[in-house]
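missing the sequence, but the structure's below:
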């Protein structure tokens, strides 16, 4: 409650707002560049981004020292019975982790962009929208007022749209951005309705008031059940879950650092919403089940489709889609702390993967010199799965994870076990020392996994709601299926199953084609053809001319 | 509706000649790990360049000249004058005035272009609200080709044994995407009815579309050009197969697929307009032939202005120098060497530099330690004959390298397989914060040559790449080794007057996170660094038995001469020396002196290059630091300018070009015609290095004049396909070939001035004519205007230019 804040806490809370502010100021400066040297504009942006990172780290330390604080700075619009739109900040460990992550990745991306875009006449434009996007996303992260969060959510999407359309003449950029625009507006709408429903029930939009009360509600009334479902829908749309994933796959039409920003930052905010609203969502079993179904399906299908992709960036995009599914699945199982770990790990990994996508050839050269080992058979895959499971259970017990208390954790541990099979198996036919190295590394990875888990369990202590049997069954069955299919593909790449699946997976099960057709049906995009025009044949010249006029009008 | 075929030819043999000629038009494009420059118009050189350009204009709308605005800028800035233009007009058969040509500046360039069926259906389509067929068909074919040819990205691929066309047909027969995205519900049924055999498809389509016999070749060519990236890849596969004495018909499959799309669109509504479109072709061709006439005069004028400057310098007789020769350094002919050589000569009068193709005449491939396959280390024109491998490493180390690489590959599985990726992210993902910080601060090392992967620095120093035998296995006799050595030395005109130290300086670039990195390495070594060739060549010539054999062949290398391998880093202009452990103690002082000169030369070269990179450093230390920084920077899109602005190839003894500052625009090849009694070396130079330099020059030219079709577009959008095949620009579209804009343009203007190569050779004109007469390729290049050939004689102070028919004195050469 704001009234009882100590001066230190009030100061810390208001300081939080300076993170989005630093970006916003920088965006405005970049936009109003008149005669300033380009280098100076970049320097200033870097200064802003550096300050934002430093401040975020300080805020993190403050949370660790003083605990969480929230503060309503100013009421902007009173909204009667559903509360107010206010400028409110909330600083807790989730905020701090997100702020540090976003400002760190933001700084890296900014530095990368500087030499990467050298020579591009539109650099000030790029900078402006990059900084605006970072401002919006950090504002979202620090919001304590639900409506403020929704507005920041929309602002993030709108500024990112400018970056995705950085080369506006590119047809595929236009199509992808168009799809994303529609998906985002649908997400905005469901979020807005959910906000109204929540506000109407609690009479306030301040999260610091809603969340503690939500946690003790017990059974949710239908309006709140609906609100929870709408929040899940917004998250699924934002996290590019099937079949709304097409735009994410096709936004390679913007410079590489924009892809990195999207895949390492913006895409996460659906997951962030789930974590922020965790005390509330955790009460809504139906919403949780929807998360599990949607997350598992996307993770399994997208991971399989990923294996058929032919270009590095598109492969990475499918991987993001699958990873977001996994993060939402973890939310659905109530394992919010693991979901936060996933969000963090994925962002850092994916930012690096995109920015270093140019090294693909170098890696291929190394790969080409590696002597090929005999591929394991299907039986070996089954045996390896069993063996790896035993090993992980042993490590889990060693770290004191209790299967009765945390059934979700054990479902996820099973997935870790299956994950270790592929690296160990692939070197099974090699020299024993190599095998020992990889097997040892796998044990180390499992240990690392549980250590992170312990750390993040403390970072985000959300009341774990035990997942239902149905939820667990869906998750476990989904991943066992994924394992069995991918093992069959690996063991018999030219076999009937693999060759039957290949064309369908290669086509992405036509989900995006269906969705694209749907979007073009409800709201056709206006495509600007690039200027490479040619003399159209006389038979269609008049019509062609009409198009041209339409374009220029 | 469907018109009766004009001819009732049905047998497929009738089309085969047309198919074969169309496929032969497409130049190969090498994969990213061997990214050598190619003239993309290699299949057109039998025609005069303006004629080929007119055809390309008509077939795909490509303009092989800069925009008029660019020429106007050259004119206004005074880089071309009225006299250059007048000469260009005189030389051509054109009857027009200088004023007429300059008046054309104001007019828009005409861009006549024939229509394919995809264009015909697009013309009747609401392309503001719907995707164009042209884009869709390209995307559709390109994605399938990528999946089919991929050998490093995807884990699940179609079965390649069945052939490209069969895979496409299967895929099309169950593909819903044309129905869903393009509202063509009948596509699957149409595809199911297509013939099984690509040749039968071609026959059927030609019959249905009623392509007149005389238009078949150009129609097929136009279709292949519409998917030029993949056509170039198929042409590469064919090129490699033919070098190895086999053949490859993927390009025919690709043509069949593209033709199948034409047929499908014809059957789905295009038929109504097709006849009219066909009827327009001759008129469009005629327009294209005249559209660029005045622009070619401007291009000639720009080239003429440059040639006059070079010619004037070449006929100046420099003062003879008579200092004691201490070091001979043989550099690659690469234009980047020219700057360094000039700096090295300035550093010491005791250094003589020579120019020769950076593979040093060894027709090698190279198998890294423990690797299964060898990679080519020679120009793309040739097939390797000799095998090099890493020697000097204990067997245990080789095994250790294998194991390390296998462990690395196994751990990579963790992030790459469908099930593992999720847990990988949670366990290892957070550690990427460190990697991001390190790379973000450019603390990472630049990409190392892949053969060093899996070796510790100590183990790496043991590695000695040497010629181990012929590629077919077995070993080489001493006589065979001496043959190879003698061939090398004769080709580089280095058979007498050896210095105490002869250095073979290969070259390589140093960049990070750069998919096109191989394009900056040595083209004569097939996009690798020249290290292997330099080291193998020097070792061969240091062999005592080889030297004895050489003596019997008339090449006497003094006991006191030692051959030393080196590598010129073109990004930082450092030169590393190799195999110093084999240096005789007697030569230690020579090497010490050399190192000092190399450092001085490096500083001088960096100073010259710093301006082009807009580096504002005040001293060499700072310049070096910022260049080394660029080499490490993972976000750097212009680590160096590569061969940008290359324009001339000078074949002469170095004494005759040593006094000229060629500003890094000239390839330099040493040649002493007086020693070449049968002119076999001249023949070699005109058939190999001249072709290679022409390829490089024409790649830069093509990527500059029409980057959309012959270049790879915007580097910040590059997306590597199949781990090595090539790049997409963005999401998809056609595979891209050639150079990105960032390699040609600095954001303000073109750094590469697109001039056709001017070759200046110091040799008797009759000898050159003999080579021209003997080799059709050389004749076509010279007589069809793909390059300019000059002969110069510094004794007489004359320069002659080879026209289509004869040699004529080159005008302003007498200015000096």
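The structure has been received and is ready for your questions. The shown structure was predicted, so the numbers you read here are calculated from the model rather than taken from an experiment.

I'd like to know how far residue A:417 sits from residue B:779.
70 Å (Cβ to Cβ, to the nearest Å). The C-beta positions use only the backbone N, C-alpha and C, and glycine is treated the same way.

And residue B:154, by the same measure?
Distance of residue B:154 to residue B:779, computed by Cβ to Cβ: 45 Å.

ok, now residue B:539?
For residue B:539, the distance to residue B:779 - Cβ to Cβ - is 39 Å.

give the contact list for the residue of the stretch 401-550 of chain B found nearest chain A.
Relative to chain A, the nearest point of the stretch 401-550 of chain B is residue B:429 (2.3 Å; Cβ to the nearest Cβ). Applying Cβ atoms under 8 Å, 6 or more residues apart in numbering or on different chains, we find residue B:429 in contact with A:342, A:344-349.

Check residue B:351 too.
Taking Cβ under 8 Å, 6+ apart, one finds B:326-329, B:344-345, B:594, B:597 in contact with residue B:351.

Recalculate using a threshold of 10 Å.
Neighbour list for residue B:351: B:323, B:325-329, B:341, B:344-345, B:499, B:501, B:503, B:593-594, B:597-598, B:601 [criterion: Cβ atoms under 10 Å, 6 or more residues apart in numbering or on different chains].

close to chain A, is whichever helix in chain B runs longest?
The longest helix of chain B (DSSP state H) is helix B:588-612. No: for helix B:588-612 and chain A, the contact criterion (Cβ under 10 Å from any Cβ of the partner chain) is not met; the two come no nearer than 13.2 Å.

For that helix, name the packing helices and strands.
Here helix B:588-612 touches strand B:327-331, helix B:335-347, strand B:351-355, strand B:501-508, strand B:562-569, strand B:574-577, helix B:620-632, going by 3 or more Cβ pairs under 10 Å, 6 or more residues apart in numbering or on different chains; DSSP states H and E.

Please report the number of neighbouring residues for residue B:466.
Number of residues near residue B:466 (other Cβ atoms under 10 Å in any protein chain shown) recorded here: 16.

So it lies in a strand, does it not?
Yes: assessed by DSSP: H, G, I helix; E, B strand; the rest coil, residue B:466 belongs to a strand.

these two touch, right, it and residue B:475?
No: Residue B:466 is beyond contact range of residue B:475, at 11.7 Å (criterion: Cβ atoms under 10 Å).

Contacts for the helix or strand residue B:18 falls within next, please.
If you go by DSSP states H and E, residue B:18 is part of helix B:13-24. With contact meaning Cβ under 10 Å, 6+ apart, helix B:13-24 is reached by B:7, B:9, B:12, B:42-44, B:46, B:198-199, B:202-203, B:205-207, B:211, B:213-225, B:231, B:234-235, B:238, B:249-252, B:254-256, B:259.

Any residues of the stretch 251-400 of chain B in contact with chain A? List them.
So the stretch 251-400 of chain B meets chain A at B:272-280, B:283-284, B:287, B:367-373, B:375, B:399-400 (Cβ under 10 Å from any Cβ).

Please pick the buried ones from these.
B:273-274, B:277-278, B:280, B:284, B:287, B:367-371, B:375, B:400 (16 or more other Cβ atoms under 10 Å in any protein chain shown).

Among those, name the ones in strands.
If you go by DSSP state E, those have B:367, B:375 in strands.

Helices - which of the buried ones among the residues of the stretch 251-400 of chain B next to chain A land there?
Per DSSP H, those map to helices at B:273-274, B:277-278, B:280, B:284, B:287, B:400.

Dump those residues into JSON lines; add pLDDT as well.
Below are these laid out as JSON lines (pLDDT from 0 to 100):
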{"residue": "B:273", "pLDDT": "92"}
{"residue": "B:274", "pLDDT": "94"}
{"residue": "B:277", "pLDDT": "93"}
{"residue": "B:278", "pLDDT": "94"}
{"residue": "B:280", "pLDDT": "94"}
{"residue": "B:284", "pLDDT": "95"}
{"residue": "B:287", "pLDDT": "93"}
{"residue": "B:400", "pLDDT": "92"}
